[in-house]
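S.K.: When you get a sec, could you give me coordinates for this:
(3 chains)
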Amino acid sequence: MTLSTQLLNWYYENARDLPWRKDKDAYKIWVSEIMLQQTRVEAVKDYYQRWIERFPTLEVLAEASEQEVLKYWQGLGYYTRARNLLAGVREVCATYGGEMPNDERTIQRLPGVGEYTAGAIASIAYDRRTPAIDGNVLRIFSRLFCLDGDITKQATKREVDHLVRQHMPYNCPGDFNQALMDLGATVCIPRNPRCQMCPLANLCEGYAREVQDTLPVRPVKKEPLLIHLAAGLVLRDGQYLVRRRPERGLLAGMWEFPTVELTEKRFAVESLKEGLQNEFGQEATVGKREFHYIHTFSHRKWDISFYHCQWFAGSELLEGVRWLSSTEGNPLPWAGPHHKVALALGLA
DNA sequence: AATACGGGGGT
DNA sequence: ACCCCAGTATT
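M.R.: Take a look at the predicted model:
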C-alpha cells in the first residue's frame, strides 16, 4: 500500500457530496475554486448554486454587468475575486474563443488564478498531474512529515510541493487533490485532528511522535487597527442616501451609507453632521443612534455606529451617490456592516 | 518578503 | 474572543 492508494480508498468511501462535483465542467470548477479561496465550503454552497443558476456558462457570465456580478457575490468577501472572475471569463471569450485552456500554465495567466487554483482546475477538470497546494495540503503534509518550518514561507511550500509531486498518482490526480481537501476538512483539521480515524495515521510521522497538535507552524499575527466610524442613515422622502466606495482598497466598489472617521468617539454626532455638510453640501439633523457594530477585517477593526439623520432640501448628487428606496428592490451590492443594516432596512 | 483583502463557523 | 479557512495581487 502507498500513501495515495490509502488516501484514495478512503476518499472513494467518504467523499463529500458537493454541488461542484456533479460534473467536470472547467468553468464550474473554476467558479467553485475562486469562491473557495479562503472561504469555507458551507459558506460557499448557496452562493455557488445561485451563481450557476444565473450564470450557467462562461458566456453568460461574460455578458453580465459588474454591478450584477458583485450583487451575486455580496457577503462572500474578497470582492476582487468576483471582478477577476468576470475579467477572466471575458478574456477566455475574447482570447480563446470561449474555450477554456486546459494546461496549467495558461490557466494561471487568468486574473485571480494563482498556482493553487490553476493546479486545481487543471487536475480536476483535465486530469493533469499538477499539485494544488492549499492550507489543507500544507497542514496535512507538515504533519505527515513533521515539517516544522513556517508554512507561510516559500521554502516550506517548496518542500511540500516536492513531497506532493512524489506521492501524486498518474491516473487520477484530480481525485488525489480533492481527497486531500476532504481529509483536511474532516479529519486532519486545524485543531484537535481526528487521528484515530485517519486513513494515513500509519504513515504519519507527526502522529507517531505525538506532535500533530503543534503542527503546522505559523507566524504570530499582529493586532488589527481600531477605527471609530459614524454612519448616517440619511432619510428623505422615504429614501436613503447611499454612496459607492472607491474602486480600489477595502470593500472596493460596494455601496454603503455615508460614514465619517472619528478621532474622538464622543464627538460622533458633531463629526457626522460636519462630514455630511462637507461631502454633500447639505445641513442635516442627526438623530438617535440606531445600530452599533464591531466588525473585524483582516487587519483593522471597525467600531461603527449608525445614526438616523434627516435633511429637507433637495440637491445635486455627486457621481457614485444616489437615493435608494426600500420598495425598489434595488440591486446594489453591499458589504460589511452596511450589508446587515441594509438588510434590516429592506434595502438589500 | 510583507502586506492588503472579508466573512463566518468552530472552539 | 480567537483562530483560520479549497489564496492572489500588489508593493
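S.K.: Next, work out how far apart the nearest residue to residue A:57 once chain neighbours are set aside and residue A:155 are.
M.R.: Leaving aside its chain neighbours, residue A:57 sits nearest to residue A:27 (6.4 Å; criterion: C-beta to C-beta, 6 or more residues apart in numbering). C-beta coordinates here come from the backbone N, C-alpha and C atoms, glycine included. Separation of residue A:27 from residue A:155 (C-beta to C-beta, to the nearest Å): 35 Å.
S.K.: Compare the two (neighbour count), which wins?
M.R.: residue A:27 (23 against 8; other C-beta atoms under 10 Å).
S.K.: and the residue in the stretch 201-348 of chain A that DNA strand C sits nearest to, how many neighbours?
M.R.: Residue of the stretch 201-348 of chain A nearest DNA strand C, by C-beta to the nearest atom of the strand: residue A:218 (5.4 Å). Residue A:218 is flanked by 13 other residues according to other C-beta under 10 Å.
S.K.: and it, what does it touch?
M.R.: A:150, A:151, A:152 (C-beta atoms under 8 Å, 6 or more residues apart in numbering).
S.K.: ok, whichever residue of the stretch 101-250 of chain A sits closest to DNA strand C - contacts?
M.R.: Residue nearest to DNA strand C within the stretch 101-250 of chain A: residue A:114 (2.6 Å; C-beta to the nearest atom of the strand). By C-beta under 8 Å, 6+ apart, the contact set of residue A:114 is residue A:108.
S.K.: separation between it and DNA strand B?
M.R.: Using C-beta to the nearest atom of the strand, to the nearest Å, residue A:114 is found at 10 Å from DNA strand B.
S.K.: Disregarding residues adjacent in the polypeptide, which is nearest to residue A:274?
M.R.: residue A:260 (7.6 Å).
S.K.: near DNA strand B, anything from the one helix or strand the one you found maps to?
M.R.: Assigned by DSSP states H and E, residue A:260 belongs to strand A:259-262. No. Counting by C-beta under 7 Å from any atom of the strand, DNA strand B has no neighbours in strand A:259-262; the shortest distance is 13.5 Å.
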